[in-house]
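*Asks:* how would this look folded up:
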Amino acid sequence: MRWALVKVCLAVTAMVVVAFAVPLGLVVQEMASDRAFSNAERQAATIGPTLSITTDPVQLRKAVESTQMGAARRMAVHVPPIGDSPAVDIGTGWAGEHAVAQTRRIGRATTASVAGGGSALLQPTALGSGDIAVVEIHVPESEVSNGVATAWVVLAGVGLALVVGSVAVADRLGARLVRPAERLADAAHQLGEGRLGARVPEDGPKELRSAAVAFNSMADQVVELLANERELAADLSHRLRTPLTVLRLNAASLGDGPAAEQTRSAVEQLEREVDTIIRTAREQRAPAAAGAGGGAGCDASEVIRDRMGFWSALAEDEGREVRLAGVDRTVRIPVARPELAAALDAMLGNVFRHTPEGTPFAVDVHDAGDAVIVLVSDAGPGIADPDAALRRGNDGGRTGSTGLGLDIVRRVAESTGGDVRLGRSVLGGTEVRVWIALDGRGRGDGDRRSRRKRRGGRPRPPADR
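*Replies:* Numbers count the residues shown, from 1 in each chain. I've put the predicted structure just below:
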């Protein structure tokens, strides 16, 4: 591309130089010729007054020798026969008798080529007798081309300078165009090789800046899509924890015996495998992931009643008292049904996992007008450090915990502009308060975290306990 631009600029400049320099050189050459013959005409006119007075050879010779051209032996005077007087020729002629006779006949100045080089100007001059004398001036080739060679050299130099200058400018412009294009191509290769951090500086011409902006935006979207895919893999794996919890609880009630031990061992192994899958997906996930949620929305009351029907059977087996409130009427929220179900399963699964058997719990739904609040409370030992529980991730020191329980809940809430908070419940244990915004404006810190996330920042997301 760079050399193509240089070649185009070279061709265009060369054509412009030829188009202007050649005609200008020809004009200079014509002007030099006109200048030389104009000077010869002036020199021929100086002898005119003498010819109008006398045709005496002696007087004419003195008059010719007194002129510049005569002294240089470049002037000749041809006087025709007058009466009984013979023809008079002063000086040596160059054009020949035929050219002199033709000039006398047509009565105007003519030029003739000289055998030795140069030209001869033949200027007719009227005599007192009415006859026509011819004054001949020799114009050498050096006068006709005086300054022409210098003019051509100057024009050639100017043309060459223009060509060199245009090539240099085209090369600089080409480099300015090529460097951003090369960086864009290099970044595209890096992205194709899997280096997702490749980005392009947004500089250069307007078109290439636009291409760089588009490439960087595309790269960000690729990273976000990969992050969402890995997050989804981790979330789907985490949702397996719900049936695993059921299996573990059922296995615990099998009593003793080889079959019971094998069942419990298989459940524990399956839990470890699921945890490994979740951790692997989270380790590979990009740092910026889009929030879950969205969709056409659902009836929160209907979803909560459905999931509580599932968990109530387990609660009855473990002797847990369950209280459900606020689900007797329709409560629409901007969250897809599968996402809300996954969030509820994550919160209720934590209750069964981290509180002793027989611990009561409650699920309450409150419609606050601009938001829906879902409370999951228990009468367990509570959480000593809620902030630590809200810090995402797992240090690997807790068996069977992946750090995604409350993360699923958080992403569901923040997808609407809401948030998640932990506190002490009225039952004496832990309370998980999920604020689901209905108007998209959010509230408090949750809204600020949501806005930071949309701007590409790194909000502090929670983890399960």
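*Asks:* How many residues are close by residue 157?
*Replies:* Residues lying near residue 157 (other C-beta atoms under 10 Å) number 10. (Each C-beta comes from the backbone N, C-alpha and C, glycine too.)
*Asks:* and the spatially closest residue to residue 196 that is not a sequence neighbour, what element?
*Replies:* Once flanking residues are discounted, residue 196 sits nearest to residue 223: 5.1 Å by C-beta to C-beta, 6 or more residues apart in numbering. Per DSSP states H and E, residue 223 falls inside helix 206-239.
*Asks:* go on, residue 264?
*Replies:* Element membership for residue 264, per DSSP H and E: helix 258-284.
*Asks:* circling back to that earlier point, pretty sure the residue nearest to residue 196 contacts residue 194?
*Replies:* No: in this structure residue 223 lies outside contact range of residue 194 using C-beta atoms under 8 Å: 11.4 Å.
*Asks:* more crowded one of those two?
*Replies:* Shown here are residue 223 and residue 194; by other C-beta under 10 Å, residue 223 has more neighbours (17 against 7).
*Asks:* Give me the distance between that one and residue 123.
*Replies:* Using C-beta to C-beta, to the nearest Å, residue 223 is found at 93 Å from residue 123.
*Asks:* and what of residue 385?
*Replies:* The gap separating residue 385 from residue 123 is 121 Å, by C-beta to C-beta.
*Asks:* the more surrounded of those two?
*Replies:* A count of neighbours by other C-beta under 10 Å puts residue 123 above the other of residue 385 and residue 123, at 20 against 10.
*Asks:* Am I right that that one is in a strand?
*Replies:* Yes: counting by DSSP: H, G, I helix; E, B strand; the rest coil, residue 123 is part of a strand.
*Asks:* Now the nearest residue in space to it that is not next to it in sequence: which helix or strand?
*Replies:* Nearest residue to residue 123, sequence neighbours excluded (C-beta to C-beta, 6+ apart): residue 44, at 3.9 Å. Here residue 44 sits within helix 2-45, counting by DSSP H and E.
*Asks:* tell me the mean pLDDT for that helix?
*Replies:* Throughout helix 2-45, pLDDT has a mean value of 85.
*Asks:* Give me the helices and strands touching it, please.
*Replies:* helix 68-71, strand 119-126, strand 132-139, helix 141-144, helix 148-192 (3 or more C-beta pairs under 8 Å, 6 or more residues apart in numbering; DSSP states H and E).
*Asks:* Repeat the analysis, applying 6 Å as the threshold.
*Replies:* strand 119-126, strand 132-139, helix 141-144, helix 148-192 (3 or more C-beta pairs under 6 Å, 6 or more residues apart in numbering; DSSP states H and E).
*Asks:* In CSV, list these along with distance to residue 90 and mean pLDDT.
*Replies:* Converted to CSV, the helices and strands packed on helix 2-45 look like this (distance: least, C-beta to C-beta, whole Å; pLDDT from 0 to 100):
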stretch, distance to residue 90, mean pLDDT
strand 119-126, 13, 88
strand 132-139, 9, 89
helix 141-144, 22, 84
helix 148-192, 32, 84
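*Asks:* Deepest-packed of these, please.
*Replies:* A comparison of the helices and strands packed on helix 2-45 by mean neighbour count, using mean count of other C-beta atoms under 10 Å, puts strand 132-139 on top with a mean of 25.
*Asks:* Relative to residue 314, how far out is the residue nearest to residue 196?
*Replies:* To residue 314, residue 223 is 40 Å away according to C-beta to C-beta.
*Asks:* Could you do residue 165 as well?
*Replies:* 86 Å.
*Asks:* Against residue 5, how distant is residue 171?
*Replies:* If you measure residue 171 against residue 5 using C-beta to C-beta, the figure is 8 Å.
*Asks:* Likewise for residue 137?
*Replies:* To residue 5, residue 137 is 56 Å away according to C-beta to C-beta.
*Asks:* swap in residue 136?
*Replies:* 60 Å.
*Asks:* where does the stretch 301-450 of the chain dip in pLDDT?
*Replies:* Scanning the stretch 301-450 of the chain with the threshold set as pLDDT under 70 gives 391-405, 440-450.
*Asks:* At which residues are the strands of it located?
*Replies:* For the stretch 301-450 of the chain, applying DSSP state E, counting those that start in this stretch gives strands covering 322-325, 332-333, 361-367, 371-378, 419-424, 430-437.
*Asks:* Which positions in whichever helix or strand comes after the helix holding residue 44 come out as buried?
*Replies:* Remark: after helix 2-45, the chain's next helix or strand is helix 48-53, criterion DSSP H and E. Residues of helix 48-53 classed as buried: 50-51 (neighbour count, 16 or more other C-beta atoms under 10 Å).
*Asks:* try stretch 77-86
*Replies:* In stretch 77-86, counting by 16+ other C-beta under 10 Å, buried: 77-80, 82.
*Asks:* contacting residues for the residue nearest to residue 123?
*Replies:* With contacts defined as C-beta atoms under 6 Å, 6 or more residues apart in numbering, residue 44 is in contact with 123, 135, 137.
*Asks:* Since that was my last question, I'll sign off now.
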